[in-house]
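> Output the structure for:
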Amino acid sequence: MTILASHNSPSTRKDNNVCVRILCLHGKGGNGPKFVNSSLKPLRALVDERVAAMTNSPNPNDKIILDHQLSFHWEELTAPYEILSGEDAGGYMWWTMPDGVRSYNAQEFVILDGAVANLVLLLIVIQIQNYVQHLNYQKYEGFDKSEALVMERLFSTESTTSNIDIILGHSQGAILAAALLSIHERLRNTENGPMGYILNGVAWPNPFCRSLLSLAQETSSAIDQLPRIIFIMGKTDTINPIESAMQVHDSYKAARFDASIVYHEGGHSVPLGRDENSIGALNEVVDWIISIAQEKAARLKADT
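Model (predicted):
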């Protein structure tokens, strides 16, 4: 059973219930409700189908689920910064980039023949602007506000244990999740933090390069306490190409995380389930989600 929920959702455990809570972080230009209700609709439907199929399954691995009432809360969060202009106007983003950070193009300058002095000056200007551009990429303006927003949703003031079992991020939302996991050690221990991360269309979060590359040395949790990560990569993604996503994957893999990859023939969006390849990719993600549910059910059973 799928339940679309706000942050005021009921407790994750009531009697014999297992409620898997999934926090969904949209990409730049989107918003929480639209992401959950539209982009994730095919995935949610397949999760429901799988749970229904398990009801009469002879597979002994399904028994631990069938001993409980299983439900999923797909919870949304909308980024704090509204986009006021451009093609994404009306949508939201998790951080802002300085104006013009990508607009510089040296070919736009006109150099007059024989103007050597102007050429030298131009080269100096280019060097300065390239340096400023480099500095701009070293910080996501407003990231701290989004960081606080997500962390407050994960951890209530009354408890140090996460309210969320899985974080699902798309594009900028996936970059946000990958960055937070690299800088918050308590997110790297499933005893208190989320059990898993689904990252679709992620890219290398350049301002957090150091924290990602040092994960192998700084992660103190035992391997069996590290959250699992599944990366969804579209082979024709031209917004955040696979090479960038692989950098994130490799950093977590080097830090001993259970990091798996689902490839599909599509582009940047979450697979829509409109063809066999897309459905196959979504079913791999469903397998992963159900395995998290089985792990949570096993923990609850051990606690009783």
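> what bits of the stretch 1-150 of the chain have low per-residue confidence?
Low-confidence segments of the stretch 1-150 of the chain (pLDDT under 70): 1-16, 60-68, 98-138.
> Tell me which stretches of it form helices.
Using DSSP state H, counting those that start in this stretch, the helices assigned to the stretch 1-150 of the chain run over residues 32-34, 41-54, 63-66, 116-136, 143-154.
> so what are the domain limits for this structure?
For the chain, automatic domain parsing gives the domain ranges 2-84+142-303, 97-136.
> Check these for me and report the most buried one.
With neighbours defined as mean count of other C-beta atoms under 10 Å, those peak in mean count at domain 2-84+142-303, which reaches a mean of 18. Every residue, glycine included, has its C-beta placed from N, CA and C.
> The lengthiest helix in the chain versus helix 41-54: what angle between them?
In the chain, assigned by DSSP state H, the helix with the most residues is helix 276-303. Counting by axes from the mean of the first three to the mean of the last three C-alpha atoms, to 10 degrees, helix 276-303 points 60 degrees away from the direction of helix 41-54.
> Looking at the residue lying closest to S39 once chain neighbours are set aside now. What's its pLDDT?
Nearest residue to S39, sequence neighbours excluded (C-beta to C-beta, 6 or more residues apart in numbering): V270, at 5.1 Å. The model reports V270 with a pLDDT of 98.
> Enumerate every residue touching V270.
V270 sits next to S39, L40, P42, L43, H170, N200, G201, I232 when contact means C-beta atoms under 8 Å, 6 or more residues apart in numbering.
> would it count as being in a strand?
No. The assignment for V270, made by DSSP: H, G, I helix; E, B strand; the rest coil, is coil rather than a strand.
> Please report how far it lies from G201.
To G201, V270 is 8 Å away according to C-beta to C-beta, to the nearest Å.
> So which elements touch the longest helix of the chain?
Judged by 3 or more C-beta pairs under 8 Å, 6 or more residues apart in numbering; DSSP states H and E, the packing partners of helix 276-303 are strand 17-25, helix 41-54, helix 63-66, strand 69-77, strand 196-200, strand 228-234, strand 259-264.
> Could you point out which of those sits nearest D303?
Closest of the helices and strands packed on helix 276-303 to D303 is strand 17-25, at 11.9 Å (criterion: C-beta to C-beta).
> how far is that closest one from where the chain is centred?
14 Å (C-alpha atoms, centre = their mean, to the nearest Å).
> And it, what does it pack against?
By 3+ C-beta pairs under 8 Å, 6+ apart, strand 17-25 packs against strand 69-77, helix 143-154, strand 166-170, helix 172-183, helix 276-303.
> Redo the ones you listed as CSV? Include distance to V20.
As requested, the helices and strands packed on strand 17-25 are arranged in CSV below (distance: least, C-beta to C-beta, whole Å):
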stretch, distance to V20
strand 69-77, 5
helix 143-154, 15
strand 166-170, 7
helix 172-183, 17
helix 276-303, 5
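> Nearest to N206, out of those?
helix 172-183 (9.6 Å).
> surely I242 meets T236?
No. The criterion here is C-beta atoms under 8 Å, and I242 misses it with T236 at 9.4 Å.
> So what does V270 look like in phi/psi?
Note on V270: its backbone torsions stand at phi -60, psi 130 [degrees, to the nearest 10].
> gap between it and H26?
Distance from V270 to H26, by C-beta to C-beta: 10 Å.
> and if you look at G86?
Taking C-beta to C-beta, one finds G86 at 17 Å from H26.
> What of F208?
20 Å.
> Check N189 too.
For N189 relative to H26 (C-beta to C-beta), the value is 26 Å.
> what do you get for S39?
The spacing between S39 and H26, counted by C-beta to C-beta, is 8 Å.
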